[in-house]
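Q: sequence? don't have it. structure:
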């Protein structure tokens, strides 16, 4: 990425970022579909039913994974471009916001509040800041077009996960059987 940023045009590098975003969203969607269906059977096998969290926590973990994995794509490009000066306060502001939301949300929602505050701090602070830095400082393009594509990718992820869950959950299986049968059902639509 760093070499390409120095030797290629900004347009080519912008198109590369769009390709990286598409590929990352595709891989993240595959992983999230598997997580959404396989977390609970695995946890039941590992710790037993009495130690399991609600399915809503699984959904939060999937959203957390999506947000963190996608932010890594942008952070890699930002680091390769050397945009550290413009990004120097983002980790601090994001961490402070996350800490404040943690302290507030944990009183109302417990463990769910801690995970939700981390997701919100990334969605509301870190991710927009990263995208803004890339679009305005590096590519000199408006964010609107890129964000439209990103929203489409998120929508496709939600639809794919919903369909995967709708296919797997009615099949009443538990333990190893669920993991063995549901994994190909989660993965198969993406291998085409």
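A: That came through, no problem. Given the structure is predicted, the values throughout are model-derived calculations rather than measurements.

Q: now the spatially most central residue of the chain: closest residue in space, sequence neighbours ignored.
A: For the chain, residue 66 is the residue whose C-alpha lies nearest the centre (C-alpha atoms, centre = their mean; 1.1 Å). Distances taken as C-beta to C-beta, 6 or more residues apart in numbering put residue 28 closest to residue 66, at 5.5 Å, once the chain neighbours are dropped. C-beta here means a position set from N, CA and C on the backbone, and glycine is covered the same way.

Q: list the buried residues of whichever helix in the chain runs longest.
A: Scanning the chain for the longest helix, with DSSP state H as the assignment, gives helix 10-47. Residues 13-14, 17, 21, 24-25, 28-41, 43-44 are the ones in helix 10-47 that count as buried (16 or more other C-beta atoms under 10 Å).

Q: packing partners for it?
A: In terms of contacts (3 or more C-beta pairs under 8 Å, 6 or more residues apart in numbering; DSSP states H and E), helix 10-47 is packed against helix 2-7, helix 55-81, helix 143-168, helix 175-187.

Q: so what touches stretch 135-151?
A: 5, 10, 13-14, 17-18, 21-22, 25, 77-78, 81, 83, 86, 131-132 (C-beta atoms under 8 Å, 6 or more residues apart in numbering).

Q: low-confidence stretches in the chain?
A: For the chain, the stretches flagged by pLDDT under 70 are 187-192.

Q: go again with 80.
A: Within the chain, the stretches with pLDDT under 80 are 169-192.

Q: burial measure for residue 140, as a count.
A: For residue 140, the tally of surrounding residues (other C-beta atoms under 10 Å) stands at 9.

Q: distance check, it against residue 129.
A: 17 Å (C-beta to C-beta, to the nearest Å).

Q: likewise for residue 97?
A: 11 Å.

Q: same check, this time on residue 36
A: For residue 36, the distance to residue 129 - C-beta to C-beta - is 28 Å.

Q: please apply the same query to residue 4.
A: 23 Å.

Q: likewise residue 54?
A: For residue 54, the distance to residue 129 - C-beta to C-beta - is 32 Å.

Q: which one's more surrounded, the two?
A: Higher neighbour count among residue 54 and residue 129: residue 129, with 20 against 10, using other C-beta under 10 Å.

Q: show me the contacts for that one.
A: Taking C-beta under 8 Å, 6+ apart as the test, what residue 129 contacts is 87, 90, 93-94.

Q: which one of the residues you listed sits closest to residue 61?
A: Comparing the contacts of residue 129 against residue 61 with C-beta to C-beta places residue 94 closest, at 19.4 Å.

Q: neighbours around that closest one, how many?
A: Around residue 94 there are 20 other residues, counting by other C-beta under 10 Å.

Q: cool, thanks, signing off.
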